[in-house]
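> Predicted coordinates and the sequence they were generated for:
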Amino acid sequence: MDKKVLMPVLLISVVCVSFIGVYIYYPQFFTTKQRLVIFHAGSLEVPFSNLEKTFESLHPDIDVVREAYGSRTAAKQITELNRTADILAVADYKVITTLLFLRNLTDWYIIFAHNEMILAYTNQSAYHDKINSTNWFEIINRTGVTVGHSDPDADPCGYRSLLVLKLAEVYYNISGIYKSIVNSSHEIVRPKSVELISLLEAGELDYAFEYKSVAVQHKLNYVELPSEINLAEYQYADYYSQVNITLSDGTLVIGEPILYGITIPKNARHVDLAIEFIKLLLSDQGQEEMSSAAQPPISPALTNDIEAIPSELQDYVTQWNG
């Protein structure tokens, strides 16, 4: 190509690529709306999507921008990649204490929901007509059967899946359940639990450890696990604490009830908007939204430090000492 033609073409290409890059990473330059940025657990996708619509209808000048990850990955967007978010909502409140507290990026959290571990499957799953709450651990260990869970280093549902397998050994008094699945030909791992849904629906995966809310939202079949195993009941907190796993970064995770947490990082750009969104989440309307998504809310919500949270949120919470 002639140099006289080539140079303008290259220049236009560079400008276009730069424009696209700016649009992707700095979309605020292309809108007059303020952006409320929320990093949240993948299991909150459905209720937070609905809350986004409600919030934007109440605040037409606000654009809610959500990014869903495994909870630990969501937190590391802030702690390791130095990104800013106005709200962090995670499936395990201890993600906030272990990752953000240590870097002085927040000093409070609000516990706003709980959940339950189940084993999800479809009518395409092997032995779907035989599996139940008493034989599930034997079914998923059969030759040719695949079982999925999310990455424990990225997603609380992942390490909770492993805790469930260890608790099953205690509850049924059968050793080897954990080792028969983990690091075996049965096991399929994805970054976050909701990514396993498409594999189930496509018939590429037989069973997946999921939160009950996710299974209900996606209309999946599921096996309900005993209360001593499902990490749902606070009355079994001591029982759950019998087992633990260690993540690749050395973090020790002890079995405990599933509790979702939310906070506003200290480097948030729009604290006032973040407060308004959390108020919506904790309001009667927000709790109804969570309940309709099979995401059981906790009312009143709990906080580690009622004096530390924004004053506008204090009427929605009660002090909790863990």
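It's in. Numbering: from 1, shown residues only.
> And Thr84, how far from Asp151?
25 Å (Cβ to Cβ, to the nearest Å). From N, CA and C alone the C-beta is placed, and that goes for glycine too.
> can you list the residues that contact stretch 309-322?
108, 110-111, 264, 271, 275, 278-279, 282-283, 300-306 (Cβ atoms under 8 Å, 6 or more residues apart in numbering).
> Buried among those? Make that a ChimeraX selection.
Buried residues among those (16 or more other Cβ atoms under 10 Å), as a ChimeraX selection:
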select :108,110,111,264,275,278,279,282,301,302,303,304,306
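> Show me the helices in the stretch 151-300 of the chain, by range?
156-172, 177-181, 195-201, 212-217, 237-240, 271-282, 284-292 (DSSP state H, counting those that start in this stretch).
> In TSV, list those helices along with distance to Thr97.
Shown next, in TSV, are these (distance: least, Cβ to Cβ, whole Å):
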stretch	distance to Thr97
helix 156-172	13
helix 177-181	26
helix 195-201	26
helix 212-217	23
helix 237-240	17
helix 271-282	18
helix 284-292	22
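> Next, format those as JSON lines and append mean pLDDT and distance to Leu100.
As requested, the helices of the stretch 151-300 of the chain are exported to JSON lines (pLDDT from 0 to 100; distance: least, Cβ to Cβ, whole Å):
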{"stretch": "helix 156-172", "mean pLDDT": "98", "distance to Leu100": "15"}
{"stretch": "helix 177-181", "mean pLDDT": "95", "distance to Leu100": "30"}
{"stretch": "helix 195-201", "mean pLDDT": "94", "distance to Leu100": "24"}
{"stretch": "helix 212-217", "mean pLDDT": "96", "distance to Leu100": "24"}
{"stretch": "helix 237-240", "mean pLDDT": "98", "distance to Leu100": "23"}
{"stretch": "helix 271-282", "mean pLDDT": "98", "distance to Leu100": "14"}
{"stretch": "helix 284-292", "mean pLDDT": "95", "distance to Leu100": "23"}
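> show me the contacts for Gly148.
By Cβ under 8 Å, 6+ apart, Gly148 lies in contact with 187-190, 196, 199-200, 205, 207-209.
> same thing with Val170?
Here Val170 is in contact with 228, 239, 242-243 (Cβ under 8 Å, 6+ apart).
> If we use 7 Å, what do you get?
242-243 (Cβ atoms under 7 Å, 6 or more residues apart in numbering).
> again, but for Leu44
Applying Cβ under 7 Å, 6+ apart, the residues contacting Leu44 are Ala89.
> burial count for the residue nearest to Ile264 when sequence neighbours are not counted?
In space, and not counting its chain neighbours, Ile264 is closest to Ala274: 4.6 Å by Cβ to Cβ, 6 or more residues apart in numbering. Neighbourhood size, Ala274 [other Cβ atoms under 10 Å]: 24.
> you'd agree Ala274 is up against Lys266?
No: applying Cβ atoms under 7 Å as the test, Ala274 and Lys266 come out as separate, 11.5 Å apart.
> residues in contact with Asp86?
Contacts of Asp86 by Cβ under 7 Å, 6+ apart are 36-38, 264, 268-270, 273-274.
> how close does it sit to Ile275?
For Asp86, the distance to Ile275 - Cβ to Cβ - is 9 Å.
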